[in-house]
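Chemist: Got a predicted structure plus its sequence, pasted below:
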Amino acid sequence: MKPYITFVILMAFTAINIIGQTPDSNTRMVARVDQSANNQVLIPMSFNKALFRDGTALKQLDGKKIESIELVYTANKLNPAFNQQQLNEARMKQFRKTYPELLVTNPSVTYVEQNGAASREEAKELFHGFIVHYTTPEKSLKRGLVDNSNLPQTFMVDNAQGGNFNHTSGSTVHIPANCVVHTDGSPVVGGYTISYTEYRNAAQIAFSDIPMTFDEAGKHFQFNSVGMYELRGSQEGKELRLTQPIVVDFNCTEIKDNVDFYELDDTKGTWQKKHKVAFKPKMADLNKAVPQVIHQQPRKVDKPWWKRTKRQLNEIEWKKYDSLRKAEPVFIHKAIRSEIRKTRTIRIARRHLFEFNQYIPEQVVFNGNDNANFQQSTLLAEGSSDPGHTYPTLVKGLNSPSFGVFNCDQIFRTDQQLSIAPTYIDEKTGKQINDGHVACVINLKMNGSFSFNPQMITCDPAAKIVILLFTESKDVYVFSAEKYAALKLENQGAVTLAMENISGSVKTSDDLKTYLGL
């Protein structure tokens, strides 16, 4: 029996050690934690007990997205034999029992050991317990930094009539009549303002501080965007709400596989998947499908505007035009200056030409042996500076049921992510940067900027990463991709980042885009 007893005792000691273990790779040391930092809620505990002293945390965190959690304790012990690891595990067990709601999104957990106390009495005065870091859509860079290179485009709308409005990117916003009311439900009389903004690259996304992560079935994903837009409505400075959807024909930045359409919940800062995004086929793909006709010369459609305003419609186009006259008589009255039914010829007002061509794209006829007909229509808005956006990237009919942010995105699992707790140093002065507002991690292989509380960021050790720090004093700092590669990150924990102050050269998203070479 003696060997059996020895075996049981060994098993018991092994179990205690496993339960009490605190992973070294997930522990960082500081003199004392900053209890006044932004975007955090403190949940205090007794100095040497696993008991909470404050029950208001859930109320404070209502509607917030939990980003990371820190368990804070001190290196000082009342008794040298005291087992800090066992206390930490007891505290974690109590946290999971008391606040299961805060763990739904599987946030990173870091142990923080404070070693700045000179005595046990001084250690008792330090903070002990949990610090929950969160993000919220209300606290965004847009309210701190104005991106003068990507200002919202505004449209004045008569609520009784609605209207269709073109963005310089080639997107069109279709606004129904009587689709808005005041927040209290009272009707809107007369005109109001629609504010429409597009975010088309990682630099614009960084300045917007729109969250670019998505959680589904307990898994964490990152967005690779092919374009986002934000819709807001107001009358005399007061916010409005929608009673009918606004439809956007959105000109995406490029065609990607497995792109979905998402809506951002303004109150929670979380995304909701709506549906798949269907792109039009590229003309090159159509040509590959029928190689026997690609040698034929198509009738050119890239005519100057003064020639394109006069259109002779073929039979298919005329049928579409007839249907449009019945469905959109107000638009036809505004857009069509003259019509000759005998020859199916119409003349279109120049300012409505782009919009008309979205409803009835001009056909290109290939006269091959199979008499195949294909369409390609250049839908670039007049005045647009980006000629790369043509018909294949235009996604028609994106339904925007409320005012807010909408996104066309791919999602990628974040399996190789590492959580680190940076200390930011100004490389020129050598001083610590203490007023960080938002840290942005930009993966240069993806179109997205991922925002974090500066005290804890998540990144891919193997990716080509640039880290931006926006401060409360409106400074912008950068940690370059070259410096990031030299870090050779392997474990979670504390790291010092020597940041370059680029505030003098980077004042807008266009400046940042140039700096990053996007």
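Modeler: Right, received. Where do you want to start? Note that this is a predicted model, so its numbers are computed, not measured. Numbering: from 1, shown residues only.

Chemist: Tell me if residue 333 really is in a strand.
Modeler: No - according to DSSP: H, G, I helix; E, B strand; the rest coil, residue 333 belongs to no strand; its state is helix.

Chemist: Just the pLDDT for it.
Modeler: In the prediction, the pLDDT value recorded for residue 333 is 86.

Chemist: and if you look at residue 191?
Modeler: Per-residue confidence for residue 191 comes out at a pLDDT of 94.

Chemist: Just list the residues touching it, thanks.
Modeler: Under the criterion of Cβ atoms under 8 Å, 6 or more residues apart in numbering, the neighbours of residue 191 are 156, 157, 158, 159, 235. For the C-beta atoms, the positions are set from N, CA and C on the backbone; glycine is no exception.

Chemist: Mark which of these are buried, thanks.
Modeler: 157, 159, 235 (16 or more other Cβ atoms under 10 Å).

Chemist: Count the neighbours of residue 75 for me.
Modeler: The local packing count at residue 75 equals 12, with neighbours defined by other Cβ atoms under 10 Å.

Chemist: Would you format the contacts of residue 191 as a markdown table with secondary structure and distance to residue 398 included?
Modeler: Written out in a markdown table, the entries for the contacts of residue 191 read as follows (DSSP: H, G, I helix; E, B strand; the rest coil; distance: Cβ to Cβ, whole Å):
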| residue | secondary structure | distance to residue 398 |
| --- | --- | --- |
| 156 | strand | 22 |
| 157 | strand | 18 |
| 158 | strand | 23 |
| 159 | coil | 22 |
| 235 | strand | 24 |
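
Chemist: Closest one to residue 108 out of the residues you listed, please.
Modeler: Proximity to residue 108 was ranked across the contacts of residue 191 by Cβ to Cβ; first place goes to residue 235, at 43.2 Å.

Chemist: gap between that closest one and residue 151?
Modeler: Distance, residue 235 to residue 151, using Cβ to Cβ, to the nearest Å: 20 Å.

Chemist: now residue 265
Modeler: 25 Å.

Chemist: These two - which one has more neighbours?
Modeler: Neighbours of residue 265 and residue 151, each counted by other Cβ under 10 Å, are more numerous for residue 265; the result is 15 against 11.

Chemist: Would you list the phi and psi of that one?
Modeler: Backbone dihedrals for residue 265, given as degrees, to the nearest 10, come out at phi -80, psi 110.

Chemist: Hmm, it is touching residue 214, no?
Modeler: No - look at residue 265 against residue 214 with Cβ atoms under 8 Å: they stay out of range, at 11.7 Å.

Chemist: what's the overlap in contacts for those two?
Modeler: With contacts taken as Cβ under 8 Å, 6+ apart, the residues that reach both residue 265 and residue 214 are residue 271.

Chemist: still on that earlier bit, quick check, nearest of the buried ones among the contacts of residue 191 to residue 271?
Modeler: Nearest to residue 271 among the buried ones among the contacts of residue 191, with distances taken as Cβ to Cβ, is residue 157, at 27.2 Å.

Chemist: now that closest one, which residues is it bridged with?
Modeler: Each beta-bridge partner of residue 157 is listed here: residue 192, as defined by DSSP bridges.

Chemist: surely it meets residue 195?
Modeler: No - between residue 157 and residue 195 no contact is recorded; they are 11.0 Å apart, counting by Cβ under 8 Å.

Chemist: wait, which of the buried ones among the contacts of residue 191 is closest to residue 121?
Modeler: Top of the list for closeness to residue 121, among the buried ones among the contacts of residue 191 and by Cβ to Cβ, is residue 235 at 60.4 Å.

Chemist: would you say residue 121 is within a helix?
Modeler: Yes - assessed by three-state DSSP, residue 121 belongs to a helix.

Chemist: burial count for it?
Modeler: Applying other Cβ under 10 Å, we find 9 residues neighbouring residue 121.

Chemist: go on, residue 328?
Modeler: Summarising burial for residue 328: neighbours were counted as other Cβ under 10 Å, giving 14.

Chemist: And it, how close does it get to residue 172?
Modeler: On the measure of Cβ to Cβ, residue 328 and residue 172 end up 13 Å apart.

Chemist: Residue 476 now?
Modeler: From residue 476 over to residue 172 the distance is 34 Å, taken as Cβ to Cβ.

Chemist: go on, residue 494?
Modeler: Distance of residue 494 to residue 172, computed by Cβ to Cβ: 50 Å.

Chemist: higher neighbour count, those two?
Modeler: A count of neighbours by other Cβ under 10 Å puts residue 172 above the other of residue 494 and residue 172, at 22 against 14.

Chemist: So for the more buried one, what's the pLDDT?
Modeler: Spelled out, the predicted local distance difference test score at residue 172 is 91.

Chemist: Do a quick rundown of the strands in the stretch 401-518 of the chain.
Modeler: Using DSSP state E, counting those that start in this stretch, the strands of the stretch 401-518 of the chain run over residues 404-413, 418-426, 436-443, 449-452, 457-459, 465-471, 476-479, 493-501.

Chemist: Just name the most buried of those.
Modeler: Each of the strands of the stretch 401-518 of the chain was given a mean neighbour count from mean count of other Cβ atoms under 10 Å, and the largest, a mean of 25, is that of strand 449-452.

Chemist: Paired strands for that strand, with orientation please.
Modeler: As defined by DSSP bridges, the strand partners of strand 449-452 come to strand 436-443 (antiparallel).

Chemist: circling back: out of the strands of the stretch 401-518 of the chain, the one nearest residue 112 is which?
Modeler: The closest approach between residue 112 and any of the strands of the stretch 401-518 of the chain, judged by Cβ to Cβ, belongs to strand 418-426 at 8.0 Å.

Chemist: and the direction of that closest one versus that of strand 493-501, what angle?
Modeler: In this structure, strand 418-426 runs at an angle of 40 degrees to strand 493-501, with axes from the mean of the first three to the mean of the last three Cα atoms, to 10 degrees as the basis.

Chemist: by contact count, what packs against strand 418-426?
Modeler: strand 108-114, strand 457-459, strand 493-501 (3 or more Cβ pairs under 8 Å, 6 or more residues apart in numbering; DSSP states H and E).

Chemist: from the middle of its chain, how far away would that strand be?
Modeler: Relative to the centre of its chain, strand 418-426 is centred 22 Å away, using Cα atoms, centre = their mean, to the nearest Å.

Chemist: Give me the contact list for it.
Modeler: By Cβ under 8 Å, 6+ apart, the surrounding residues in contact with strand 418-426 are 26, 28, 68, 108, 110, 112, 431-433, 436, 439, 454-461, 467, 469, 477, 489, 491-499, 501.

Chemist: can you give me the angle it makes with strand 465-471?
Modeler: For the pair strand 418-426 and strand 465-471, the angle between their directions (the same axes, to 10 degrees) equals 60 degrees.

Chemist: which regions of the stretch 301-450 of the chain lie under the pLDDT threshold?
Modeler: By pLDDT under 70, the low-scoring segments of the stretch 301-450 of the chain are 301-308, 327, 354, 358, 361-392, 414-416.

Chemist: can I assume residue 454 is in contact with residue 441?
Modeler: No - contact status for residue 454 versus residue 441: not in contact, 11.0 Å apart, counting by Cβ under 8 Å.
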